[in-house]
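Chemist: 3D, please:
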Amino acid sequence: MTERIPVNPGTVDWAGENPGIYLKDTPDGDYVTLALYFRIVLSPHGRGHTMLILGAPDEAKGYPDATNLCLTDNEPLTHYLIDGFVSKFPTFKDKPGLKAATWITSAAFDKSGDLKASYTETAQGKDVSASMTWKDMNPPFAVEVSPAHAVTGAHDMYSVFLEAKDAEILVNGAALNGRVADRVLFGETISTAFLAFAETWVTPAK
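Modeler: Numbering: from 1, shown residues only. Below is the predicted model of the structure:
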């Protein structure tokens, strides 16, 4: 086993929180709704929040023609996250809805609930309100992966995950399609609805 070192010599790209909800109509079907939330405490573009919702990930349409939208209070940070990270995640890669999503800036963000029964992240923009809710959480577990296992294929990543057995995404009070399923990640079968805290992404030293 490779000896672990106490200080990673790489470059810290960002740190914060990055929970997600990926929903399917059937367990073996394609994702019909994708959503990610970012609460960033450290990055080259400062602090900020982003809620990315693709209610029609395979459609090249923005809101309101399709429920593909991105709410943010820090546009440069959100571009950095989507261009350098989200667009490389296998679940989001090459999805037409990602490029077509309508951006809603100067949004306000809040959270509520606990980390056992129900936890909600909310975003409020001009004429649009959205929320992501995770329900019935399993105990937390720690993740530490190298580029070979990171979803970007290029970073070290550290995080604390909590799986949710159920989840819901609302836009202007209407629930988006799909339900929670299972997927294989980091060599384990875990829920497609997850909370991710104390998350840190690092570009390895060359």
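Chemist: how about the contacts made by Gly55?
Modeler: By Cβ atoms under 8 Å, 6 or more residues apart in numbering, the residues touching Gly55 are Thr33, Ala66, Thr67, Asn68, Gly97, Ile169, Val171, Leu176, Asn177. All C-beta spots, glycine's among them, are computed from the backbone N, C-alpha and C.
Chemist: is it correct that the third one is in contact with Ile53?
Modeler: Spelled out, that is Thr67. Yes: Thr67 is within contact range of Ile53, at 6.4 Å (criterion: Cβ atoms under 8 Å).
Chemist: tell me which of the two has more neighbours.
Modeler: Counting neighbours by other Cβ atoms under 10 Å for Thr67 and for Ile53 shows that Ile53 has the greater number, 29 against 25.
Chemist: using CSV, write out every CA atom in the helix or strand containing the more buried one.
Modeler: Here Ile53, judged by DSSP states H and E, is contained in strand 48-54. Listed next in CSV are the C-alpha coordinates belonging to strand 48-54 (Å, rounded to 0.1, in the frame of the first residue of the first chain):
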residue,chain,number,x,y,z
GLY,A,48,-20.2,31.9,-3.9
HIS,A,49,-23.1,29.6,-4.6
THR,A,50,-24.5,27.8,-7.7
MET,A,51,-27.6,25.7,-8.2
LEU,A,52,-27.5,23.9,-11.5
ILE,A,53,-30.7,22.1,-12.6
LEU,A,54,-31.2,20.2,-15.8
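Chemist: partner strands of that strand, with direction?
Modeler: Strand 48-54 has the following strand partners under DSSP bridges: strand 31-42 (antiparallel), strand 68-72 (antiparallel).
Chemist: residues contacting the longest one, please?
Modeler: By that I understand strand 31-42. Contacts to strand 31-42, defined as Cβ under 8 Å, 6+ apart, come from residues 12, 14-25, 47-55, 57, 74, 77-78, 81, 86, 91-92, 95, 97, 109, 121, 132, 169, 176-178, 192.
Chemist: just the buried ones among those, please.
Modeler: Buried residues within those, counting neighbours by 16 or more other Cβ atoms under 10 Å: 14-24, 48-55, 57, 74, 77-78, 81, 86, 91-92, 95, 97, 109, 121, 132, 169, 176, 178, 192.
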